[in-house]
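**Student:** just coords:
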């Protein structure tokens, strides 16, 4: 165990004696004692060491000695290191070889609430400006796309279509089936009180086609594909691949962002339509299993309740959500810093931005559809 | 301040940097830099870690915008150029990034071929042949269909060099070419750089702190002093070593006084 004792020799030397095995696991509680000893002996002219009984040592003794050395410098007491093993002396010299650089230590200052509020406001203004700049650049890029001047690789586009289309089907199936079934279940409990079980079909059909199909698909894709876009582009930033595009004269927006947006805009309506059907099937499973309706009745009731306008409205909304998800993912990816943590932050922030944008757009659609009486 | 323009090999200037100040936001990294890189030079940008040498390299390749000052290619001002003119000037340069920066989803041949696809009228078969030639030049014959993640770090660097040479650029920029390479690969890369200069007549700009490379390949150089935030010396590395009085540069060129002195 770490053993140390303090002893005064000839009245003006403080002899610090080490013994036993010094290990970090033994704790570092002795520096207080050293401080007390040195304070108690203001007349001390010199500090010396005796390490003859020291059998083993590690960083614990170095930390202790560094503290003693700081204390002795503060009190202008000379330190005689001759009693220490050579290894310890060398390491202490190494630790003190480079003097502390003036101003390198980070100032710990208390930031007032007002200052924090101000900094946050400036940051919001900055990120809003960045977002607007990105949207402006993307608008120009889309104009170039429609003018057939945008350059991107068609093979990239098809790969992306596969990734955010067909490969998303399993999770979309699972979630929409469950959402349809849950809607039917909740509706059934209420509607059965009036003997109006049949209207479960209306409830599920209208809810899925108007809102839930598009919304659930969008939130799924924000978590699945939006995050993937941000992580891909963020990593490309870390590996300087984006820089390589810029110096090669390629626009990263055309080469990387455009195919992602196009792929998602093309696939979202299809996924949404698919989610609508699976959701209705989920509702039907509950209707048939729990409410003793026949398949035929359920589907006839659904067909009479759901209009083409409802379905088309939902599908249209889903393609807008697709634009928002892809733009949020790509923007956060391109804004990513160049560390592994920054790529993680970019993916997180892509999902958050994507979902916020979806919910805001959903609210706007609700108002607009109400005003237009769709 | 005195203008530090190194006397090169007498060629005409390929790159001129005029009163360049580099900054991140309000933090000034280097100020009032002036330098000329002549045609056919192997020009070394030296400096300790964090002195701003990689940032300096990012300016002429269009990744950073100067806080003040201009960069000229020949007589043409790159900093003030409009986007299409910039693109045209960028086509004359090639860059080997520190990490290679090969495009991950593309094979090596596609990495080299993408630039040819964009800037030439070659058919896909011809592009494949040119790409294979460029890869063969850097010793990667037969690796055309490999993806960057399937080859070693040193091979990625060489493939990055093949991509940088795709359009036979007049000027090649290298960011820390020997970092992450074993000594033998680093020396082979140095030889390759000299070969390229001699056979293609390219101008070569290298950011490095590898002393062996500096003295082997560099025929002109500048030293960035990170503390004083200026170019503190300019000239051929060997002459700098022989004549400099600047303790920071002397210590850099002699590894803190342990070599060459």
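**Tutor:** Here it is on my side, so go on. This one's a predicted model, so the numbers in the text were calculated from it and none came from an experiment. Residues are numbered from 1 along each chain as shown, chains lettered A, B, ... in the order given.
**Student:** Just list what the host helix or strand of residue A:352 packs against, helices and strands only.
**Tutor:** Under the criterion of DSSP states H and E, residue A:352 resides in helix A:340-371. Where contact means 3 or more C-beta pairs under 8 Å, 6 or more residues apart in numbering or on different chains; DSSP states H and E, helix A:340-371 is packed against helix A:213-221, helix A:227-238, helix A:308-335. Using the backbone N, CA and C atoms, a C-beta is placed for each residue, glycine as well.
**Student:** Of the ones you listed, flag the one that's most buried.
**Tutor:** helix A:213-221 (a mean of 26; mean count of other C-beta atoms under 10 Å in any protein chain shown).
**Student:** Now do the helix or strand that contains residue A:155 against helix A:308-335, angle only.
**Tutor:** For residue A:155, the host element (DSSP H and E) is helix A:154-164. Interaxial angle, helix A:154-164 versus helix A:308-335 (axes from the mean of the first three to the mean of the last three C-alpha atoms, to 10 degrees): 120 degrees.
**Student:** right, is helix A:154-164 up against chain B?
**Tutor:** Yes - Helix A:154-164 comes into contact with chain B (C-beta under 8 Å from any C-beta of the partner chain), by way of A:156, A:159.
**Student:** next one: the next helix or strand after that helix to chain centre, how far?
**Tutor:** Counting by DSSP H and E, the element after helix A:154-164 in chain order, helix or strand, is helix A:169-191. For helix A:169-191, the distance from its own C-alpha centre to the chain's C-alpha centre is 30 Å (C-alpha atoms, centre = their mean, to the nearest Å).
**Student:** for stretch A:283-303, same thing?
**Tutor:** 43 Å.
**Student:** now the end-to-end length of it.
**Tutor:** End-to-end span of stretch A:283-303 (C-alpha to C-alpha, to the nearest Å): 13 Å.
**Student:** Residues contacting it, please?
**Tutor:** Stretch A:283-303 is contacted from outside by A:177, A:180-181, A:183-185, A:188, A:192, A:197-205, A:208, A:280, using C-beta atoms under 8 Å, 6 or more residues apart in numbering or on different chains.
**Student:** Just the buried ones from those residues?
**Tutor:** A:177, A:180-181, A:183-185, A:188, A:197, A:200-205, A:208, A:280 (16 or more other C-beta atoms under 10 Å in any protein chain shown).
**Student:** Next, give phi and psi for residue A:112.
**Tutor:** phi -70, psi 160 (degrees, to the nearest 10).
**Student:** tally of neighbours for it?
**Tutor:** 9 (other C-beta atoms under 10 Å in any protein chain shown).
**Student:** do the same with residue A:248
**Tutor:** Using other C-beta under 10 Å, the number of residues around residue A:248 comes to 24.
**Student:** Pull the contacting residues for it.
**Tutor:** Contacts of residue A:248 (C-beta under 8 Å, 6+ apart): B:90, B:114-115, B:118.
**Student:** pLDDT check: weakest of the residues you listed?
**Tutor:** In terms of pLDDT, the weakest of the contacts of residue A:248 is residue B:118, which scores 85.
**Student:** how about it, phi and psi?
**Tutor:** The phi/psi pair for residue B:118 (degrees, to the nearest 10) is phi -80, psi -40.
**Student:** how far away is it from residue A:244?
**Tutor:** 13 Å (C-beta to C-beta, to the nearest Å).
**Student:** between those two, who's got more neighbours?
**Tutor:** residue A:244 (26 against 14).
**Student:** In contact with the closest residue to chain B within the stretch 101-250 of chain A, which residues are there?
**Tutor:** Here the stretch 101-250 of chain A gets closest to chain B at one residue, residue A:240, 3.8 Å apart by C-beta to the nearest C-beta. Neighbour list for residue A:240: B:97-99, B:101 [criterion: C-beta under 8 Å, 6+ apart].
**Student:** ditto for residue B:86
**Tutor:** B:62, B:78.
**Student:** Out of the contacts of residue A:240, which are close to chain A?
**Tutor:** Checking the contacts of residue A:240 against chain A (C-beta under 8 Å from any C-beta), the matches are B:97-99, B:101.
**Student:** Where does pLDDT dip in the chain?
**Tutor:** As the question left the chain open, I've gone with chain A. Along chain A, segments meeting pLDDT under 70 span A:1, A:29-30, A:41-44, A:103.
**Student:** hmm, I had chain B in mind actually
**Tutor:** Across chain B, the ranges flagged by pLDDT under 70 are B:1-11, B:257-261.
**Student:** so where do the helices sit in it?
**Tutor:** B:53-58, B:83-90, B:108-119, B:124-137, B:153-164, B:183-200, B:211-217, B:237-243, B:247-253 (DSSP state H).
**Student:** Is the fourth one positioned near chain A?
**Tutor:** No - if you take C-beta under 8 Å from any C-beta as the test, helix B:124-137 misses chain A, and the best it gets is 12.2 Å.
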